[in-house]
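>>> give me a 3D structure for the following:
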Amino acid sequence: MRTKLVAVPRRAFCTHAAISGTSHIARLARLGQIDNARRVFDQMLHKPIASWNAVVSGYFQNSRPHEAREMFDRMPERNTVSWNGLVSGYVRNGMIEEARKAFDVMPERNVVSWTAMVRGYVREGMVSAAEVLFWQMPEKNVVSWTVMLGGLIQDGRIDEARRLFDMMPVKDVVARTNMMGGYCQEGRLDEAREIFDEMPHRNVVCWTAMITGYAQNDRVDIARKLFEVMPEKNEVSWTAMLMGYTQCGRIEEASEIFDVMPVKSVVACNAMILGFGQRGEVVKSRQVFDMMREKDDGTWSAMIKVYERKGFELEALDLFAMMQREGFRPSFPSLISILSVCASLACLDQGREVHAQLIRSHFDFDVYVTSVLITMYIKCGNLVKAKVVFDRFGVKDVVMWNSIITGYAQHGLGEEALRVFQEMCSSMTLPDEVTFVGVLSACSYTGKINEGREIFDSMKSKYLVEPQTEHYACMVDLLGRAGRLNEAMDLIKGMPVEADAVVWGALLGACRTYMNLDLAEVAAKKLLELEPENAGPYILLSNLYASKGKWTDVADLRRKMRSRSVSKSPGCSWIEVEKKVHMFTGGDSRSHPEHVGILRMLEKLGVLLRQAGYSPDGSFVLHDIDEEEKLHSLRYHSEKLAVAFGLLKIPEGMPIRVMKNLRVCGDCHSAIKLIAKVTGREIILRDANRFHHFKDGSCSCRDYW
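So this is what the prediction gives:
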């Protein structure tokens, strides 16, 4: 049997090839392969208007508007679709002026043209311009009305939006959902619910919008009831319900929702990481993080933030390094969190690297970032760099001024702190409560009693700042350090508000220094009422009793501590070497892998210190142990272990930076002064109160701390 051949006109082949080519161009453009799309277009023998339109649209889709316009200008012929593509393309790329120019010269406009231009104005926040154009439209469809409605809602003009909504000839589910969402944003939930209840047809989007509205307005129980009766739920619905619980702190119920979610979205996982973290359940946060197959920038930032806020600084640093190894560029929140960690641990090298990343990302000119950078350099003991960052910034806000004043105070540079305070006032920046804490602390640390009194007295009269308990605490500290204990007590008695633990703690510390047992007992009694689980008052009072030979009182205090399960926080010091933080606990050097070298260094230092006239001061350890135990305890204080390790590892010429969680004891202070002298090294120690810069046998605090 012979097959009959049927002739197909050449035009049909051309048409089919053109349609196929146009579809291929559009597909490649959507995939971001616009150059490949252009090659397909160039190879086409027959180029209909649709193929030209596809290339122009493709360039706009790929954020190459100038090439799109060049192709548009080369088109041999154009139709209304071509012009609409030009207007919409400019709108997509935020080029609203160019879009309007193209719109104004269109030979013919249809409802799509007008709607595209209105949408452009709305997208750019130019709602009034959109409104003018909207009312000029010769015809409107449901999309036009919905776009304008969204613009009014976006502009916060909810009542005008409602009037427009009532005028709409056709109200589809999108328009009704938009109006409902607008009411929810304004907290007008009853009106939103009225629209929801009146909807002839509801889809999963409008159900989710109503649930989100209730959840975001702290009516999560009503949201849950609505959620339970939803005919169908999608990933967004589940996430909205979960977010409602996390936002109001109901993490247990959020966790129950999370456990039964069919699909755990990245947004939901991120919310649970933060939710568990806020409750202190860091292990659960990390479990959620680890089980996620896909992570975004928010995931890493959330986990790093949890670690940073809950005191897991080393884990935050490890995770930050892992984030970069896995190819995630650090986001702004994660960089800020890590800067805070660097400040807390005094990781100067890591802090410098983060600073460089902020510069590359052009974040370093932000006021908030600059304040965090200043604080980081200050807490890392690099006051010179902190001042450089401060000076480079033009108009400074009160937070920046406070950061540098507090920094000078913590480093014992009272004169500089007062000078910057005067500069701040001259710059017409009004000081606030934090400013005066920094200035008064500077006076306290440097013994400037008269200046401190004058500034304290001028707070209310000159600067209209009412003194708070923290300012009284600074003054008690100032007077107490100078030995004026009775004046400090009189100040406490005259306070307009009840003295808190910080105030009484300042007095007790001064009583310990000046061995005033009578006032110490008063201060300690008040502290134990305010903070019964704080071991500090027990320890200070115990040592005072012991120094006076009151062993019965010492035993009684120890008994109270045991009965109340109060324990002293162990002394802990740390040092950064080659971007790694090394921790030391008092009395324990063997846990460190290089403990043998550390012990040898301590032995060597012991010989040098004895030759320099050092004699251990046993009054800084427990009084009910023998002399040999006292000497052993003093030798292995955590700050001495960290300094010994620094001498082993940090090259000569570079300062040794050590941090301690508690106040440095008098014996270690004396010993480190001599270590700095006999080794010719600069040692910077940050304790719980302030900085000590040891050099050539002296300390920046002038033994006044």
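
>>> could you measure from residue 259 over to residue 112?
Here the criterion is C-beta to C-beta, to the nearest Å. By it, residue 259 lies 47 Å from residue 112. For the C-beta atoms, the positions are set from N, CA and C on the backbone; glycine is no exception.

>>> higher neighbour count, those two?
residue 112 (17 against 9; other C-beta atoms under 10 Å).

>>> now the element after the helix-or-strand element of the chain with minimal mean pLDDT, going C-ward?
In the chain, no helix or strand scores lower on mean pLDDT, DSSP states H and E than helix 627-635, which sits at a mean of 52. Once helix 627-635 ends, the next helix or strand along the chain (criterion: DSSP states H and E) is helix 638-649.

>>> could you check the angle the next helix or strand after that following helix makes with helix 638-649?
Going down the chain from helix 638-649, the next helix or strand is strand 656-660, by DSSP H and E. If you take axes from the mean of the first three to the mean of the last three C-alpha atoms, to 10 degrees, strand 656-660 sits at 160 degrees to helix 638-649.

>>> elements contacting strand 656-660?
strand 572-577, helix 638-649, strand 683-686 (3 or more C-beta pairs under 8 Å, 6 or more residues apart in numbering; DSSP states H and E).

>>> so which of those comes closest to residue 410?
Shortest distance between residue 410 and the helices and strands packed on strand 656-660, using C-beta to C-beta, is found for strand 683-686: 8.0 Å.

>>> run the chain-centre distance for the helix or strand just after that closest one.
Next along the chain after strand 683-686, taking DSSP H and E as the criterion, comes strand 691-695. Offset of strand 691-695 from its chain centre (C-alpha atoms, centre = their mean, to the nearest Å): 30 Å.

>>> which strands or helices does strand 691-695 pack on?
If contacts are counted by 3+ C-beta pairs under 8 Å, 6+ apart, strand 691-695 sits against helix 666-679, strand 683-686.

>>> could those go into JSON lines alongside mean neighbour count and distance to residue 85?
Output for the helices and strands packed on strand 691-695, formatted as JSON lines (neighbours: other C-beta atoms under 10 Å; distance: least, C-beta to C-beta, whole Å):
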{"stretch": "helix 666-679", "mean neighbour count": "20", "distance to residue 85": "74"}
{"stretch": "strand 683-686", "mean neighbour count": "24", "distance to residue 85": "63"}
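
>>> next, format the ones you listed as JSON lines and append mean pLDDT and distance to residue 169.
Shown next, in JSON lines, are the helices and strands packed on strand 691-695 (pLDDT from 0 to 100; distance: least, C-beta to C-beta, whole Å):
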{"stretch": "helix 666-679", "mean pLDDT": "91", "distance to residue 169": "83"}
{"stretch": "strand 683-686", "mean pLDDT": "93", "distance to residue 169": "71"}
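
>>> of all these, which one is nearest residue 363?
Judged by C-beta to C-beta, the one of those that comes nearest to residue 363 is strand 683-686, at 26.3 Å.

>>> residues contacting that closest one, please?
Applying C-beta atoms under 8 Å, 6 or more residues apart in numbering, the contact partners of strand 683-686 are 346, 379, 381, 639, 643, 646, 655-660, 664, 672, 675-676, 691-695.

>>> what's the nearest residue to residue 220 if we skip its chain neighbours?
The shortest distance from residue 220 to any non-neighbouring residue, by C-beta to C-beta, 6 or more residues apart in numbering, is to residue 244 (4.4 Å).

>>> list the contacts of the one you found.
Residue 244 sits in contact with 211, 212, 214, 215, 216, 220, 223, 224, where contact means C-beta under 8 Å, 6+ apart.

>>> closest to residue 465 among these?
Nearest to residue 465 out of the contacts of residue 244 is residue 216 (C-beta to C-beta; 36.7 Å).

>>> and that closest one, how many neighbours?
Residue 216 has 19 neighbouring residues, counting by other C-beta under 10 Å.

>>> rewinding a little: helix, strand, or coil at the residue nearest to residue 220?
Classification of residue 244 using DSSP: H, G, I helix; E, B strand; the rest coil returns helix.

>>> how close does it get to residue 377?
Residue 244 sits at a distance of 41 Å from residue 377 (criterion: C-beta to C-beta).

>>> gap between residue 156 and residue 174?
Distance, residue 156 to residue 174, by C-beta to C-beta: 20 Å.

>>> who's more crowded, these two?
More crowded of residue 156 and residue 174, by other C-beta under 10 Å: residue 174, with 16 against 12.

>>> check which helices and strands the helix or strand the more buried one falls within sits against.
Per DSSP H and E: residue 174 is located in helix 173-185. In terms of contacts (3+ C-beta pairs under 8 Å, 6+ apart), helix 173-185 is packed against helix 142-154, helix 158-167, helix 189-198, helix 204-216.

>>> name the next helix or strand following the last one along the chain.
Same thing as helix 204-216. helix 220-228.

>>> residue contacts, the closest residue to residue 52 other than its chain neighbours?
Excluding the flanking residues, the one nearest residue 52 by C-beta to C-beta, 6+ apart is residue 75, at 4.8 Å. Applying C-beta under 8 Å, 6+ apart, we find residue 75 in contact with 49, 52, 56, 82.

>>> and those residues, which two are furthest apart?
The most widely separated members of these are 49 and 56, with 10.4 Å between them, by C-beta to C-beta.

>>> find residues that contact each of those two.
In contact with both residue 49 and residue 56: 75, 82, using C-beta under 8 Å, 6+ apart.

>>> neighbour count winner among the two?
A direct count of neighbours by other C-beta under 10 Å for residue 49 and residue 56 places residue 56 higher, at 26 against 15.

>>> pLDDT score for that one?
Looking at residue 56, its pLDDT is 93.

>>> looking at the contacts of residue 244, which one is closest to residue 449?
Closest to residue 449, out of all of the contacts of residue 244 and judged by C-beta to C-beta, is residue 216, at 53.7 Å.

>>> how about residue 298, nearest residue that isn't a chain neighbour?
In space, residue 298 is closest to residue 270, 4.8 Å off (C-beta to C-beta, 6+ apart).

>>> check the gap between the one you found and residue 277 for me.
11 Å.

>>> then residue 237?
With C-beta to C-beta as the criterion, residue 237 and residue 277 are 25 Å apart.

>>> same check, this time on residue 550
46 Å.

>>> quick one: which of these two has more around it?
residue 277 (24 against 15).

>>> which helix or which strand is home to that one?
With DSSP H and E as criterion, residue 277 is part of helix 266-278.

>>> what's that helix packed up against?
Helix 266-278 packs on helix 235-247, helix 251-260, helix 282-291, helix 297-309, going by 3+ C-beta pairs under 8 Å, 6+ apart.
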